Each structure stands twice: as C-alpha cells, then as structure tokens.
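[1] how would this look folded up:
(chains A and B)
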Amino acid sequence: MKISDVIIIGGGLAGLMAASVAANRRQKVTVLTYGSGSLPLASGAIDFLNTESPEAAIKNLPAHHPYKKIGVKNIDTAAKFFCHITSQANLIYNGKISAQIPIVTAVGTLKYSSLVPESMNATKLKSKKKIFVANVKGLKDFYASMLVDNLKKYFPDKTFEIAPLDLNLMGGRDITCLSAAQILTGNEKILADGLKKLNATEDDAIIIPPILGLEGNISRAEVKSQIRADIIETTCLPPSPPGIRLQRALMKYLQKSGVRFHENSKVIHGTAEGKKITGVIIGSGIREKFFPAKKIILATGGFYSGGLTMREFDNPKEPIFDLPVFFPTGAENWSNENLFGDKPQGFSMTGIFTNDNLNPVDENGKVLYENLHVIGANLGGVDFIHEHSAGGVAISSAHKAAMI
Amino acid sequence: MKVNVMEKATVVIIGGGATGLGILRDLSMRGVKALLVEKKDLGNGASSRYHGLLHSGGRYAVKDKEAARECIIENKILRKVGKSCVEPCGGMFTRLDIDDEAYEELWVKGCADSGIEATPITLDEALKLEPRLSRKHLKSAYLVPDAAIDGFRMAWQLIDSSKRYGGQFKTYTEVIGFDTVNGELRGVKVRNQFTGEKYEIACDIAVNAAGGWAGIIGKMAGVEIGVQPDKGTLIAFNQRIVNHVVNRLHKSSDGDIFVPHGSITILGTSSMSIPDPENTSTSREEVENLIKIGEQTFEDLRDFRILRTFAGSRPLYIPPGGAVGRSASRGFAIVDHECDGLKGLFTIVGGKFTTFRLMAEKICNQICAKLKVDTPCRTAEEPFIEEVSQADKDKAKKYFPSYGMELAADRLGAERFKKVVERLESNPESRELVCECENVTRAEVEEISKDDTSFNVDDVRRRTRIGMGTCQGTFCALRASAIFADTCGESTAKDSLIRLREFLQGRWKGIRPVLFGRTLRETEMTRAIYELSMNVTGGKPR
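    Next up is the predicted model:
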C-alpha cells in the first residue's frame, strides 16, 4: 500500500470537504468511510451561526470555540471554496458568511443560513404578491396546510393558495421526497406541466417540496425555464434531496480529482510512533488492512455518526485513537429539561479539544499527535446544533486542517 | 365553593385507570348509570406506566398465595375477554447462581398450592427458548403462563365496552371537591382542564378509584385513606430481547422482570415510596441500578438500545400500622366511607393490574347491593370488543403493509377497523404510513384524531402507538402533528407547531435519564432534524 499524503476518516460534510481541499492542493488523498455520512439527513443549507452576520459574531465567541482556532479569514475562504466546488457540479449556492438568507422549512417556519442552495433561497418571498404552496398528491411528509398555517405568521399580508399538484406519483405505498426527486429526474416535464396550470406570474412564488432531482441544479433549470414564477424548495424529513445533491456534488469533485475512496471501511485503530500517527487499520469482517499516511484527518462525527461513543454515563470515548474526550459531568449538566430551548445541551458539547492547528490535546493542552487533525462534529466544547453552526464548523475546520 | 350542577349519574367513578374503567364497565353492564372522570388521559397513572405483565401469579406464589390464586384465575379470564390486548407469549422463571436455592423449593410448592402450572425445563431448553440468558449464571428454569398486556389498548377497549351499555366518561376532567349534605354525598365537583370550567356532577354514589391519588381525593372528602404512592421505574428497550416474560426466581426485587411487547422489551421495576404521585421523574441512578441487576440475567443487556424510561405510581394499600414498599401487600381494599360518617363514598385502593376485573366485580357487588340492583356481574364472560372478522381482514389486507393489518385489527376492534378501512378504500393517500415503527397508517391517525376525546397528539399516540417504537416520534411527530391539526375537532387548539414541540418534549422526558449509548445517536438525529432542518423554535420574522 502506497503512502497517502493525507487519509481522511469519515465521509460526511467535513470529510468530503477536507478531501476536496486536499485534492485541490494536488495531494494524494485517501478517504475511508463507513456508512453514508449525515448529509442525506441535512437540509442542504450551510449554517455558520444563527445571527444576521455570523462573520461579525465570531469575534465574540469564547477562545475554545473552533471558529476562534480557524480564524475569520479562513472561514470566509472555506465558504468561497465550498461554493466554487459545488458550482462545478452545477449545484449553485447563494450567500456569504457576513449575511443570512431565509429558507422555508417543511413545517412552514423560516430558517436563516449563510449558504443556501439557490433552489431554496426564499429571499424573494417578501416581494411576492401571492404564494402558492404545492400540495403534491401522494407525496408523503409534505403537509401544505401546516406549512401555510405557519408561514402566514411571517407574511400575514400575503395571499396564500394551496395548489393541488398531481405528478402521477400514486400507485406505490409511500413516496418520499427522495423517491419523487428520483422519479422527476429526466421527467421534469411532468412537474413543469403541473405548475403551468397554476398560471402563476413573475409576481408570484411557488413553494414546493424538495423534489427537483438529485443532480445539482439541472432539474430546476429545466422546470424554471418554463415557469414565470419563482420556484422555492423547502426542507424535508430525511432522506433529504438537497443534502443528497450536496453529497453527490462533492463526490463528483473528488472523483474528478482522483481521490481514492474506500467505502464500508471502518477504521478500528491507528498506529503511532511517538507523537506521529503512521497509519490506520481498517477491519472488514475477518480481514484487517493497513493504510499508511503522512497526515490523518479525523472527521468521524459526534455521537450521531459514531465518532464518539458512550456505553455508560460519564465515560465517552473516541473509539479510533482513544483521544481524551471533553464532556460535562453529572446528570444536571448532561442534558436540559427542555429538548428545544435557550441553552446548549451538555451531551452535544462533548468532543475533542484541539490547539489552533486542530491537533488533539490532553487536559493540559499538550498536543497528542502532531499529524492528526480533528474536524467537524468530533470537536468539543460547543453544541453546534443549538448555535446553528454544524455546517459552517464542518467546512471551515475541514478547510483549515486540509491546508496545514 | 358553589358550582352549578351540569350532569347527573347514579355513580361517579373517579380515576381512569384499569380499576376505574373496570368499574365503569361492570356497572354499565349491570344497567347502572355510571360516569367516569379522569384528570388526564385514560391510563395516565400506573395502568400504563408499568411493565405490561399479565401475571400468572408466579411472582406472588411464595409471599401471598391468595394474590397468586387471584392472578391465575384473572389471567385466564383476560386472555379470553381481552384477547386483542394480550400477547400470549408465556413466561419463564429463571434462578441464577446468586439466587437462594431454598427459595426455589418454596416457589415450586407455592405455585402448586395456588393452581399455577410451573413446568420445569432443562437449561438447554431454557437457552434454546431464550438464547440471551446468561449461560454463566443460569441454574434452573420453569415455564409459567405469564403474558404481556397492553394497558392503553385495554383502557380504550373497556371504554368501548362500557359505551355499548350507556357508560359515560370524561377525560381531562379533574375532581376538585365533593358536595355533601348532612354526611350524605350529593355530587362531585370537577374542573375541565382545558377550559377551566367548574361544575358539579350530581350522583348517589362516588367511587374513589384514583390509584396513587386516592389519598388526595380522600382528603377532599375529609376521609383518611391508607395509600402510599410507590414509584416503579421501568426501561423500554428497542429490541425484543426476550420471547417470553422472563422473571428471576428469587424473592421479588428490583429489575427482575423482562416483558416483550411487539418489537420492544420492558425491564422493571423498582419500588420507591414517593410523597407525590404526580412526580414520577426518574434519575440516571435508578436506570443504572435496573440495568446492573438486569445484566445478571442478560449479560449483553447494555448493548441494546434503550428507547426510554418511565415510571408509575403504584397505589400500595397500607392498613393501619401496616408495612410499606415491597413488603406492603399487593392485595386491595374496599372502604365504604359510611363508617367515616360520609354516606355514598367508596374507595378502592391497592391491588394489581392483573386483578383489576375482580376488584371491580367485588366493589360493584357492594354498590349494587346498596342500589338494590340484583343483576349479576358478567364482565368475565363477555369480550371487551367485537373482534375483526376474517372476512373484513381479508378484504382489508391489500391496503396495509406486511403485517400491519393484524396490528391495526388488534388495536382498533371491529367497528373502528371498518371505518379505517373505508378511509383506506376511498382515499389512497391515506394508506401511507405515518409511523413505520408501529405500522400505523394515515387513515388510522385521522380516525383517532377526529375523535372528540383526542385533545393532543399524545392522546393519539396512546391509542395508535405512533411514536412509541424505534424512532420515538422522530419521523411521525411532524406527520402526526400536521394530520392532527387538519382533522381534530373544532374545539381543540390547532397550532401544529406547538403540538409538534409538545409531542417531542413528551418523548424527551423519558429519554433524558437514559441518554447514553445508542440513544444519544437517536437524540442527535432528532435535534438535527427539528432544530436545524425544521427550525421548530421558529424565531421572529426579520
């Protein structure tokens, strides 16, 4: 096995982004993944922080926050690079880290993100006269009446119309947004014809579930060319087509760049010489295989993805390198009484602490491995879900680690 | 406090648990006009917050032979009259190396004396039936006729049965006092929990069947009732770890019963005296304790994903000067408060879920004697509900996924099943699954949502099982909240976002104390979906 310049463990947003950046540097990159990452679960929008200007807010964050270690300039570069590589796969993202763009959720709330797929950009809703909400016959997980009830609270003066839309999806049992997106890929005419019947004008917007195909902006462009109104996709319950589009766009970039990709490869542990990781070992059934590398990027995620595990209380583990894991002790600090609330959840702050180079450190701040970098949801001290920064931390930490 | 008399019944029953519902059914079947009030939803107390075990009596065979005998008789009756609530999985008693060998002998004799068939099996046979049992610790095993029983389902089937005979009920209606004149009961004062409206239900007799709350109700009437709320904590696992009810063959203790229910397993229970029956929150220490004991029977227990933990308040009856906790009797007591100088009020307290029907029969005999009604009790003969006919099942099969039809038939009973199938027939969109974990169709959720006793999504959950399975509501919460808002009655608050958050928060309560292992993973997924993709906390318009 030839030695890689960098091995990336994990195929979620952070891992794929790190691989893209490293490949762009013409490095020899190997990605080892197990499972499908969390992108099929994600909205597709990239949050940096839940505030009007994340860029401005970053300077007020505490020193242990990953953004402080990455630096505003690098975060901005990461965001731009992200938009650059996704656009190469015809997936257009709008936005920048100094602003936020609204998107419409499946339940009809607005959500603000810094980078949003163009198909979900709801900025123009404000200036529209009438908002149609497509009620797609036979589609599961999209409830137009719920969406309208809640969206009205943001736009009390606008006219809403729930528009029945028959895309001929009936027949099977459960059609999710993913199945609909698959069906419509190459069959965009069905959707365009259905939407034409609404006679919507430039002054109107049509809100639809995220069913505009799975390949970048292709299906959307096809439909858009035939409709005068703006078409705006919402988020949806997983599996989420906008998340899958992003995953595919990044994968496409990696394939084009010659990145070696090993799926179903669960890294079981690493090998080290002093403070240097020499490689990792994957275990698949009875066979073990060694992958040597000059540098390792750990992008295995948090508790959701198995990058962190905890078999018993007060004993979280990082299962590959057995890195020290920061966690809040005691039941009262572990979780809040309310699932959704004003405070971060302790369990979600669990993770690994690093220095400015994203090298893991022990409780005294001493670097454990100089060529190991920790990115994304593995990082500790912050509840990324609570502060709406999961995507931003993933891509910016990935960028920083890959540039080192 | 004076309130207007708005309703009238011969007997008012306080408490919508198994006991109260059993009394409502029994009295209604005997032609007595009865009305039940429950301050929350049916089965809110210990009648749903328990392990769902239909005892064979084996657990009481040494300590309390009378209770054991009652259990085995009632067990046989409930299998017959409550067929679709019971999963006849059978039970096993297992003695481990750390358990007292001498106890086994006493137990075998106790079972024989109480009429409980306990069949000894070899260790090989036991391990074949329950392969996860600890090979290291297992010393002996017996099969007994235990079974699993669904408390929520039984509650609503008892209502269906009562309604056929004119029985009435009001949920979310809390008792706030009694109207008495010269030591004689005239009525029960209640408050509607949603509107706050207070009124009186005039009656000749009131029955305090409030379980853990019986003492509080007694106080309102000025009578002392020896009831100690006793918290029992349980853990629900995501898998069917056992195929039988697996009991430890030792002196009854914490964490020694595993009960399989559909695709999950419930481990219980603890026993802890608590001052307030309402406060059934559980701690991670209680959970750890249960798991540690459970690991003696199943060594790999910790690796199974936990769904949630929950706890109920058992109403342990304390006769004057009696014992508390596990040493307290699981027997029951009926008090006619005429002896306390209050004519017309009865209290029934203590007992067990398994013997609820017998308890109801006994108190109804006393009530009927007072009312000079001589119709005999028939609750042991007539099934709770009419079962779905094979013809209806065959007709409906094509609308349901895999085994979903059988599950729906058991949940719904003949009458409601027909209505759901009509929906499925006429609207193909209603065939989609709202809850994949428990195989619940949109049609069923619509049918239950429109019922005027469904006030929120949790009420729908208890009757359909949405949100009770593997995903603990992560996927069905959005769907059910939307459907509920579309179909619920006019008087019910409709804000779907509030409904959605309140439903997930309800699930969260039981997840917090077990937030380790794979439960963490599920929780992070739920948060990612609802906080990030759905932004359910909304935020202000900008």
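[2] I'd like the distance between the residue of the stretch 1-150 of chain B found nearest chain A and B:D303.
    The stretch 1-150 of chain B approaches chain A most closely through B:R132 (17.7 Å), counting by C-beta to the nearest C-beta. (C-beta placed from N, C-alpha, C; glycine too.) To B:D303, B:R132 is 11 Å away according to C-beta to C-beta, to the nearest Å.
[3] Going along the chain, name the strands of the stretch 151-300 of chain A.
    A:159-165, A:204-208, A:230-233, A:260-262, A:266-273, A:276-284, A:287-292, A:296-298 (DSSP state E, counting those that start in this stretch).
[4] Not including adjacent chain positions, what is the nearest residue to A:P209?
    A:F142 (4.1 Å; C-beta to C-beta, 6 or more residues apart in numbering or on different chains).
[5] The residue of the stretch 1-150 of chain B closest to chain A in helix, strand or coil?
    coil (DSSP: H, G, I helix; E, B strand; the rest coil).
[6] sorry, back to before: go through the strands of the stretch 151-300 of chain A and name the closest to chain B.
    So among the strands of the stretch 151-300 of chain A, strand A:159-165 is nearest, using C-beta to the nearest C-beta, at 11.3 Å.
[7] Quick check: buried residues in the closest one?
    In terms of neighbour count (16 or more other C-beta atoms under 10 Å in any protein chain shown), strand A:159-165 has its buried residues at A:160-161, A:163, A:165.
[8] Out of those, flag the one nearest to A:F340.
    A:F160 (26.1 Å; C-beta to C-beta).
[9] Now do the contacts for that closest one.
    Contact analysis of A:F160 by C-beta atoms under 8 Å, 6 or more residues apart in numbering or on different chains lists A:130-133, A:148, A:151-152.
[10] Nearest to B:P383 among the residues you listed?
    Using C-beta to C-beta, these come closest to B:P383 at A:V148, 45.1 Å.
[11] in the sheet, who's paired with the residue lying closest to that closest one once chain neighbours are set aside?
    Closest residue to A:V148 apart from its sequence neighbours, by C-beta to C-beta, 6+ apart: A:F160 at 4.9 Å. Listed beta-bridge partners, A:F160: A:I131 (assigned using DSSP bridges).
[12] Which per-residue confidence value corresponds to A:F160?
    You'll see A:F160 listed with a pLDDT of 97.
[13] do the one 3 residues further on as well
    Confidence at A:A163, expressed as pLDDT, is 96.
[14] got the contact list for it?
    A:A163 is in contact with A:132-135, A:198, A:206, counting by C-beta under 8 Å, 6+ apart.
[15] swap in A:S98?
    A:53-56.
[16] Would you format the residues you listed as TSV with secondary structure included?
    Conversion of the contacts of A:S98 to TSV gives the following (three-state DSSP):
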residue	secondary structure
A:S53	coil
A:P54	helix
A:E55	helix
A:A56	helix
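[17] Which pair of the residues you listed spans the longest distance?
    A:P54 and A:A56 (7.4 Å).
[18] And the two? Which one has more around it.
    Between A:P54 and A:A56, A:P54 has the larger neighbour count (other C-beta atoms under 10 Å in any protein chain shown), namely 27 against 13.
[19] mind listing what that one touches?
    A:P54 neighbours (C-beta under 8 Å, 6+ apart): A:48, A:97-98, A:100, A:114, A:389, A:392.
[20] B:I176: which of those residues is nearest?
    Nearest member of the contacts of A:P54 to B:I176, counting by C-beta to C-beta, is A:S389, at 49.1 Å.
[21] from memory that closest one sits against A:I46, does it?
    No - A:S389 lies out of contact with A:I46 (C-beta atoms under 8 Å); the separation is 9.7 Å.
[22] The host helix or strand of B:A68: what's the following helix or strand?
    Here B:A68 sits within helix B:65-81, counting by DSSP states H and E. For helix B:65-81, the following helix or strand on the C-terminal side (DSSP H and E) is strand B:86-87.
[23] Contacts for that following strand next, please.
    Against strand B:86-87 from outside (C-beta under 8 Å, 6+ apart): B:54, B:78-79, B:147-150, B:260-262.
[24] Now intersect those with the helices, please.
    B:78-79 (DSSP state H).
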